Structures are given as C-alpha cells and as structure tokens.
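Peer 1: only the shape, not the letters, is given here:
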DNA sequence: ATAGGGTTAG
C-alpha cells in the first residue's frame, strides 16, 4: 500500500534544466506511472517530444510506451512505434518487448502479433524468448488462454528455452487441464522450486479445484515459506469453500512462528470466519488488526470485517465500521447492503443502495445481486422487479444467470411460479444450476409437484452431485404424500453415492464453539440439553393448545399438530444457549442447512415463552426470533 | 530499461 512517491515536478526544472539523459526521463516516467500520477506522466511525455529535448531513443522509448499504455493512448503508442522505426531502435529487445506489451495492454493484440511476425525471422533467440513472453502474457491477460498455450507450443517448436516468466504468464489463466503438464515442464527445467513459480503453480491448482495438489506444492516448499505462499494456500482453500482448512492452516502459520500474517492473510481468514460464522476467531483477528496501526486504514480489511460481523449476526458493529470508514469502495457498500438483505431489512438495503448511487458509485453486477436478493428476502416483489428492470436499462449491465436466479427466487417465493418459469424461458444466457434451483425451491414452498419435477430435471443435469436438490424434490413429494416419488429420489441418490448432509448447528460461548448434530448426544451437557428441549416442546405444545390462533397456525404450516421428533440441531443449540447464558442475552446460532418449519415454529414460540431473542443464521438468511415472531415473517 | 506470483463483496 505504501509506496515512496517521486517528488512533484518543480516549475524550475520544466524547461531550462529538463532531464537530458535517457536515464532521468525513464526513472521519472516510471515512478509517476507506477504511482498512478498519470496527469504528470502525460505532461512529461509531451515534453519528451518538444525541443530542445532530444527525440526519444532506445533508452527512453520503453518507459514512454508503458506510460502511453497506462494512459490508454493508442495514438501515442503508434507515434512511439514510428519513432522506434525512424530512429532505428526497433531491433533493440527492450523497445520491441515494450511495444508488444503496450499494444497488448491497449487491447491491440493484432498489432502486437503483426509486429512479432515481422521481427520473428531475424531476431536473435534471446530477444525472441522475451518477445514470446510478452506476447503470451498479452494473450493471457485477455483470457485468450488457448492462444497463449499455442504460442507456448510454438516457442518450444522453435527450440527456444522458456523461463519462469513464461510460466508465470501462462499459469494464472490456463485451462485446468493444462496445469499438470505445465508443472511437468517446470520440473523438467528445474523451475518448479523457484518460489515465484511454486506460488503460481499452487494457485493454479487451487483455481482448478485441485486443493490437494496445491497443498502438495505448498508442503514441498522449503521452510521458512514466504508469507505469500501461506496466503496463496489460505486463499486457495477459501476459494474452494474449505473454511475449516483455512482456519487450521492459519493456526499452523501462527504456530510456525515463521512469518507474521499480513493484511492479505487476514482478509482470507476473515472471509472464512464469515462463512463459518466463527465470530470469536474473527473478533480475535479484529483485535489483532486494531493493535497494528499500519492496518488501520486498509480498506480490504475493513470490508472483510463488515462482512464478518454482518454474517455473524452483528449488523450494528458492521454498520459502525462502515460509518467510520474514510474511504469506501463498492465492496464496502455491497457488504453492507448484502448484510441488511440477509437480515431481512430490505428497505434499509435499498436506502443504502440509493445512498451509494448518490455518492457517485456506479453499480456493478455484484451489488445488484445483493439488492435483488434483499428484495427477495424482504418479500418486496415489486421493488425487486423495478430494480431488475433497471439493471440493463439504467445501469448498463448485462444481467447474468445470478441475477435471473434472484428474480426466479423473488417471483417464486411470492407464488408467481408461472412468471418465474416464463422468465427462465426468456433468458438470453443459458440458465445455470442456481436459476433452476431457485425455481425448485419455490416449488417446495408452494407445493407444486409438476413444475418441481421439471426444474429438477434441469438442475440435476447441471449439478448432478448437489445433494440439496435431491432433498428438495424428495420433500416436495413427501409434502404431497407421493411416497413413490420419495422412493425414486432415494434410489437415485443411493445409485449416485449421495448422502443427505447431516444438519448441524453451533453457537459460541466465551470464545469456544459448541457444535450440535441432529439427535447427537456427544455434548458433555447432553442430558440437561435434551431435558430442556423436551420441557420446551411441552411448553410449546401447551402454548399452542391454549391459543386458538396459534393452533390454527400450526395446522396451516405443517398440516399436522406438532412434530413427533424434536431433536434437530438448532433446538439443541438453542437449549444449550438457554442453559448457559444469563437472561436477556441474545442467543446466536449458526446452522448449515435451512431451518425446517417445525424448528421455525419452535423458535418463535420459545422466544416468547422464555422472553429471549434468538438469532439463527441458516443456509439462506438470518432469522431473528423475538416475542413469538420471526423477522422473516415466515417468508424464507 | 523489456516479459511477471498472492488479496475483498453474492
């Protein structure tokens, strides 16, 4: 973050004592461009071409070209290209490479390729290696990964050696299948041990979903490992949703005493804490950050903390951090909007979004997902439709499958299933699993077997190993009394080796985590907890029996009087919370799956009977139970 | 002087 900036240009050295040697031009241009001071860089560039300064030559052209690219000035690059030809400095490897690189950065790949073709027959091998690297990296940057690989093959056919830079250019964007062969190439020429290459290989494996291969690369690195290697492994796990492994590795990093975590480490760990709902670990990191003055203004860390608190149930703390930020990025706003959305505060989310726009921030696709999903969770169907219609028309964004998934969810929850499936039919892009999954979820809520079967057919083609979808259709059948359907899905799952995810809930107490599985007796307090659940269930039954309206509600929601089995994990966690916290304290429970209707009703009634607030995060959102009602208004 | 590794939000 902290970079030493070049001194501002003094008026005194503007004309008379301007830089004369190429070295001075180069260093100052580079420094200004690196610091993002493009205006000053441009002024300097203009001066280079004005007498009495000598015209740019091989020593100053590369820096000038990179400045032109950084300024997005294709005309300037072309002018410098002409200058390179007229001054005869084109065969210079540095000038050639800078030209190739600038054209690539300016998205003028065809010009880069033409120039390369011109010099290819006559350039010496050493020049060609670097030129190939520049061209490969240009194609890779534009995600033309197969073109980049084709260039690599051509490089090798030309009997040219490749080096670390070649691999570093290829690996970040290469197709998954190319990672192992590139790894083999690296091993063959003894480049795989070079830290930069190893880090890059590790990340490439992680991106390909091969976390174990990534881990092997990590483990084979000599100790002490660089902080960047730790970070690459941590973010590799994080990107693959393996939050528990992130926390394990972070602990290992701390215990190794090799390196101090840096902000990048902490951002990765905080993201995993947020995913897990591991509030106490997250708070410990927050404390650590607060003790390091250099981290105080890091916007990535602040954004990660907003996300942490919002996802762990403390919206107030998230809002405080957001309010105290001096500078906010669109990520800060998105984290906050998504936070309000998942807690069911749709109006607050929309208000924040409008404030963001008033602040002059142009919405992107991600913030729109948060906005639409906030509308969906709050039951604000018309608002959601209104904002969806603005995605393209007003904000100039192309709606992706993720936006359609939100809309199908929004319409579907509201019972507008016909409109939801018409919307899918109208999509210009191919619907993904989330789109059909949203329709399937809506069919579960509104008990629509036929449409549910259709959605299932589609979703299962796209995500055959996603257990949740099988369970959803099975539950649709079960609600409809279609036991044949239930059996069919069960057989399908068995055949594919899929097992229902076990439900688990946990709550944190004084920094330690208490985990509960459904019908699980392993907790030291298990006896007292089960007694408590049984007692509470009796009270719930009694309360519902006494009040006519609640009894009706029971019948409406479930179609039968009360649950016969009562030991879902969230009930155990809630009972544990009641047994171990003082009156008045909010009980926060994190659950891996969605809350079932039985438990939802249980929590509502218990919150009233014992006069306690329960905050439950399930797989789709937060539920705040208080005084017999839930913040989701039974709409989840 | 030219080619270049890890990071946030759904």
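Peer 2: Cool, got the structure. Note that the structure is predicted; figures quoted are calculated from it, not measured.
Peer 1: tally of neighbours for the closest residue to residue A:614 other than its chain neighbours?
Peer 2: Leaving aside its sequence neighbours, residue A:614 sits nearest to residue A:625 (CB to CB, 6 or more residues apart in numbering; 4.2 Å). Glycine gets a C-beta too; all of them are placed from N, C-alpha and C. For residue A:625, the neighbour count with other CB atoms under 10 Å is 26.
Peer 1: you'd agree residue A:625 is up against residue A:609?
Peer 2: No - if you go by CB atoms under 8 Å, residue A:625 and residue A:609 don't touch, sitting 11.3 Å apart.
Peer 1: the residue in the stretch 401-550 of chain A that DNA strand B sits nearest to: what secondary structure?
Peer 2: Using CB to the nearest atom of the strand, the single residue of the stretch 401-550 of chain A nearest to DNA strand B is residue A:402, 3.6 Å away. With DSSP: H, G, I helix; E, B strand; the rest coil as the basis, residue A:402 sits in helix.
Peer 1: that one - nearest residue in space that isn't next to it in sequence?
Peer 2: Per CB to CB, 6+ apart, closest to residue A:402 is residue A:369, 5.3 Å.
Peer 1: distance of the one you found from residue A:359?
Peer 2: In this view, residue A:369 and residue A:359 are 20 Å apart by CB to CB, to the nearest Å.
Peer 1: how about low-confidence regions in the stretch 401-550 of chain A?
Peer 2: A:545-550 (pLDDT under 70).
Peer 1: write out the residues of it neighbouring DNA strand B.
Peer 2: Residues of the stretch 401-550 of chain A lying close to DNA strand B (CB under 7 Å from any atom of the strand) are residue A:402.
Peer 1: ranges for the strands of the stretch 401-550 of chain A?
Peer 2: A:504-509, A:512-517 (DSSP state E, counting those that start in this stretch).
Peer 1: mean neighbour count, those: which tops it?
Peer 2: Among the strands of the stretch 401-550 of chain A, strand A:504-509 has the highest mean neighbour count (mean count of other CB atoms under 10 Å), at a mean of 21.
Peer 1: what angle separates that strand from strand A:512-517?
Peer 2: Interaxial angle, strand A:504-509 versus strand A:512-517 (axes from the mean of the first three to the mean of the last three CA atoms, to 10 degrees): 160 degrees.
Peer 1: give me the number of residues near the spatially closest residue to residue A:30 that is not a sequence neighbour?
Peer 2: The shortest distance from residue A:30 to any residue other than its chain neighbours is 5.3 Å, reached at residue A:63 (CB to CB, 6+ apart). Using other CB under 10 Å, residue A:63 has 26 other residues around it.
Peer 1: now do the one 4 residues further on
Peer 2: If you count neighbours by other CB under 10 Å, residue A:67 ends up with 24.
Peer 1: doesn't residue A:41 make contact with it?
Peer 2: Yes - look at residue A:67 against residue A:41 with CB under 8 Å: they come within range, at 4.9 Å.
Peer 1: which residues in the stretch 351-500 of chain A form helices?
Peer 2: A:365-378, A:381-393, A:401-413, A:417-425, A:433-445, A:449-462, A:467-479, A:483-495 (DSSP state H, counting those that start in this stretch).
Peer 1: save these as JSON lines, and put in mean neighbour count too.
Peer 2: Below are the helices of the stretch 351-500 of chain A laid out as JSON lines (neighbours: other CB atoms under 10 Å):
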{"stretch": "helix A:365-378", "mean neighbour count": "24"}
{"stretch": "helix A:381-393", "mean neighbour count": "17"}
{"stretch": "helix A:401-413", "mean neighbour count": "24"}
{"stretch": "helix A:417-425", "mean neighbour count": "17"}
{"stretch": "helix A:433-445", "mean neighbour count": "23"}
{"stretch": "helix A:449-462", "mean neighbour count": "18"}
{"stretch": "helix A:467-479", "mean neighbour count": "19"}
{"stretch": "helix A:483-495", "mean neighbour count": "13"}
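Peer 1: got JSON lines for these, with distance to residue A:298 too?
Peer 2: As requested, the helices of the stretch 351-500 of chain A are exported to JSON lines (distance: least, CB to CB, whole Å):
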{"stretch": "helix A:365-378", "distance to residue A:298": "20"}
{"stretch": "helix A:381-393", "distance to residue A:298": "31"}
{"stretch": "helix A:401-413", "distance to residue A:298": "28"}
{"stretch": "helix A:417-425", "distance to residue A:298": "41"}
{"stretch": "helix A:433-445", "distance to residue A:298": "32"}
{"stretch": "helix A:449-462", "distance to residue A:298": "38"}
{"stretch": "helix A:467-479", "distance to residue A:298": "36"}
{"stretch": "helix A:483-495", "distance to residue A:298": "46"}
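Peer 1: of all these, which one is nearest residue A:50?
Peer 2: In terms of CB to CB, the element of the helices of the stretch 351-500 of chain A nearest to residue A:50 is helix A:365-378, at 44.4 Å.
Peer 1: so which elements touch the top helix by length along chain A?
Peer 2: The single longest helix within chain A, with elements called by DSSP state H, is helix A:526-546. Based on contacts counted as 3 or more CB pairs under 8 Å, 6 or more residues apart in numbering; DSSP states H and E, the elements that helix A:526-546 packs against are helix A:548-558, helix A:569-580, helix A:597-609.
Peer 1: going by mean pLDDT, which of those comes out lowest?
Peer 2: Per-segment mean pLDDT for the helices and strands packed on helix A:526-546 reaches its minimum on helix A:548-558, at a mean of 43.
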